[in-house]
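here you go, sequence then predicted model.
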Amino acid sequence: MEKQELRSANWFGRKGKDGFIYRAWMKNQGIPADMFDGKPVIGICNTWSELTPCNAHFRDLAEAVKKGVLEAGGFPVEFPVMSLGETLIKPTAMLYRNLVSMDVEESIRANPIDGVVLLCGCDKTTPSLVMGACSVNIPTIVISGGPMLKGHWKGKNIGTSDVWRFDVAHKLGQITDKEFIEAEACMARTPGHCAVMGTASTMAVMVEALGLSLPNNASIPAADARRKVLSHLSGRRIVEMVKDDLTLSKILTRKAFENAIMINAAIGGSTNFVIHLLAIAGRIGVDLTIDDFDRYSQNVPLLANIQPSGENYMEDLYYSGGLPALIMEMEAIVHNDALTVNGKTIGENCSTAEVFDRKIISTIKDPFKPESGIVVVRGNLAPNGAVIKPSAASPELLIHSGKAVVFENIEDYHKRIDDPELDIDADSIMVLKNVGPGDIPAWPKWEIWRCQKNYWN
Ligand code: FES
C-alpha cells in the first residue's frame with residue numbers, strides 16, 4: 001500500500017515542521033516511528049467509564065483489539081469519548097446522544113485515523129458512536145460489550161427488568177428490606193449490559209443485523225472469553241478493511257436497513273430501535289421513514305423467546321445458536337446478499353449456523369408468537385404515528401376499552417399513584433401527559449405502574 005493512500009499519511013507522512021511535530025509527539029509515548037508511519041492507524045473509540053457500569057470491562061476488550069490490530073500490521077490508538085450509562089446519568093442519557101455523536105465524529109475526523117473500532121454497550125453508546133462514525137464514513141467495525149449473565153435470587157432467574165417487580169413486592173410488603181437489598185447484588189452480578197431484549201441488546205442485534213460487526217457479536221456474554229476472541233478478531237479485521245477501503249457507506253445500504261428492521265421484528269427488539277435506526281440512516285444518507293418499520297415488520301413473526309416478549313435471556317440466545325442461527329431461519333425473507341464487515345454477505349455468514357434449542361429460537365413456520373416486534377399505529381391520540389410492541393403486550397390489551405386515568409405530568413403521577421383512594425382498577429388505562437419530546441428535554445422514557453397484585457410470588 002502506498003503511504004498516500006492512508007488518511008494518516010497527511011499527518012505522519014508529512015515533511016518539514018508539521019510532520020516533525022506529529023511524529024515527535026507520538027515518539028514521546030515510547031513508540032518507534034515504524035510502528036505508526038505508513039501503517040493503518042486504527043482508532044479504538046472507547047466508552048469505558050466507571051460511571052457506565054455496563055461498559056466498565058471495556059479496557060480488557062480494547063487490549064484484545066490492540067493485539068489483533070498489531071498482528072495484522074496496523075497501529076492501534078485508543079481514545080475516549082463521553083460515555084452514557086442509563087443507570088446514573090440525570091436527567092436522561094438520551095439528552096446527550098447527539099452530543100456524543102458529535103464527540104465521536106470530530107474525534108475521528110480531527111485525528112490521523114484510517115479505520116475505527118467502536119466499543120459500544122449501554123443503550124445510547126451504540127447509536128451515538130455509530131451515528132458519529134457514519135458522518136465520517138471511514139472503515140468501521142463495532143464491538144458490543146455483551147450481555148451480563150442472568151441473575152439468580154432465591155432459586156429464580158432474574159434480570160435487570162425485575163427491579164420493578166422487586167419494587168412493587170417491597171411496597172406491598174411481600175419482601176423485606178433485607179431481601180430487597182440482597183437482591184441488588186444478585187440481579188447484576190457480572191460485567192455487561194442488561195441481559196433482556198431491552199435497548200442495549202436491541203442495539204447489539206441491530207449492529208450485527210446491519211453487517212457492522214463480526215457474527216455473534218450480539219449475544220456472546222460479556223463474561224465469556226469468546227467476547228475477547230471476537231474483539232481480537234475484530235482488531236485483525238479492521239486493518240484488512242482499511243486496506244480494502246471498506247467504508248461504512250458500502251455496508252449501510254438500504255438493504256442493510258431493511259434487514260435490520262426484519263431481524264428486529266423477529267427478535268422482539270425495543271421500540272427505541274426506531275428512533276436510533278432513523279438517526280443512523282439519516283447520518284449515512286439512506287432514506288428511511290417510520291412507515292418502513294411497519295412495511296418490513298408486518299409479515300415477520302416473533303422467533304426469539306427472550307424477555308420481555310418471552311422468558312429467556314441473551315446468553316440463552318447465544319447457547320442456542322446466536323443471531324446467525326435466527327437469521328438463518330429468516331433466509332427466505334432477508335436480503336442474503338447484504339455485505340458485512342468481514343467481507344462476506346450476511347447470507348454467507350449465517351449459512352452454516354444451527355439452532356440448538358427450539359424453545360429459544362423457533363422456526364418461521366411454527367413461530368414462538370405470530371405477532372412480532374414493532375407496529376406503527378395512528379389515531380386521534382397520535383396523528384403522526386406512535387410505536388407499540390405487540391409481542392410484549394398481554395394479548396387482551398391489544399383491543400381494549402377502559403376508563404382513562406389521566407396524570408397531567410410526572411409530578412402529578414408520583415403524587416397520586418400510590419394513593420389508595422385513586423379511582424383506578426385493573427381495566428383502567430393510565431395516561432401520562434406532557435412528557436413528550438416538546439415537553440421535557442431529550443424525550444426520556446417513562447414507565448408507569450400501579451400496584452394491583454402480587455408481582456413476585
Ligand atoms: Fe446499561 Fe441496561 S443499564 S444496558
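On my side now, so go ahead.

when you work out contacts or count neighbours from here on, use the C-alpha atoms and nothing else.
Noted.

what bridges to Glu78?
Here Glu78 sits in beta bridges with Ile44, as judged by DSSP bridges.

my guess is it meets Val41, correct?
No - using CA atoms under 8 Å, Glu78 is not in contact with Val41, being 10.4 Å away.

okay, and the common contacts of the two?
Common neighbours of Glu78 and Val41, counting by CA atoms under 8 Å, 6 or more residues apart in numbering, are absent.

which of these two has more neighbours?
Ranked by neighbour count (other CA atoms under 10 Å), Glu78 and Val41 place Val41 first, with 28 against 16.

so what's that one up against?
Going by CA under 8 Å, 6+ apart, Val41 touches Ser8, Gly74, Phe75, Pro76, Val77, Pro112, Ile113, Asp114, Gly115.

what's the neighbour count on the third one?
Residues contacting Phe75 under the criterion other CA under 10 Å number 24.

wait, it sits on Gly38?
No - the criterion here is CA under 8 Å, and Phe75 misses it with Gly38 at 9.5 Å.

just checking, what packs against whichever strand or helix holds Val117?
Per DSSP states H and E, Val117 falls inside strand 115-120. In terms of contacts (3 or more CA pairs under 8 Å, 6 or more residues apart in numbering; DSSP states H and E), strand 115-120 is packed against strand 41-46, helix 125-136, strand 140-144, helix 225-243.

dump these into CSV; add distance to the ligand and mean pLDDT as well.
As requested, the helices and strands packed on strand 115-120 are exported to CSV (distance: least, CA to the nearest ligand atom, whole Å; pLDDT from 0 to 100):
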stretch, distance to the ligand, mean pLDDT
strand 41-46, 15, 98
helix 125-136, 9, 98
strand 140-144, 11, 98
helix 225-243, 17, 98
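
closest to Asn409 out of these?
helix 125-136 (28.4 Å; CA to CA).

just want the angle from the closest one to strand 115-120.
Here the directions of helix 125-136 and strand 115-120 differ by 160 degrees (axes from the mean of the first three to the mean of the last three CA atoms, to 10 degrees).

and helix 125-136 with strand 41-46, angle?
Orientation note: helix 125-136 sits at an angle of 150 degrees relative to strand 41-46 (the same axes, to 10 degrees).

elements contacting helix 125-136?
helix 97-109, strand 115-120, helix 199-210, helix 272-284.

again, only this time at 10 Å
strand 41-46, helix 97-109, strand 115-120, strand 140-144, helix 199-210, helix 248-251, helix 272-284 (3 or more CA pairs under 10 Å, 6 or more residues apart in numbering; DSSP states H and E).

which one of these has the most crowded surroundings?
The highest mean neighbour count among those, using mean count of other CA atoms under 10 Å, belongs to strand 140-144: a mean of 30.

name every strand pairing with it and say which way it goes.
Checking strand 140-144 against DSSP bridges gives partners strand 115-120 (parallel).

next, the contact list for the residue in the stretch 201-350 of the chain positioned nearest to the ligand, please.
At 7.4 Å from the ligand, Ser201 is the closest residue in the stretch 201-350 of the chain, using CA to the nearest ligand atom. By CA atoms under 10 Å, 6 or more residues apart in numbering, Ser201 lies in contact with 121-123, 144-147, 193-195, 218-219, 269-270, 313-314.

state the distance from it to Trp443.
Using CA to CA, to the nearest Å, Ser201 is found at 20 Å from Trp443.

next one: Asp291
For Asp291 relative to Trp443 (CA to CA), the value is 21 Å.

who's more crowded, those two?
Trp443 (16 against 13).

the domain parsing of this protein - what is it?
Listed domain ranges for the chain are 39-149+190-350, 152-187, 400-457 (source: automatic domain parsing).
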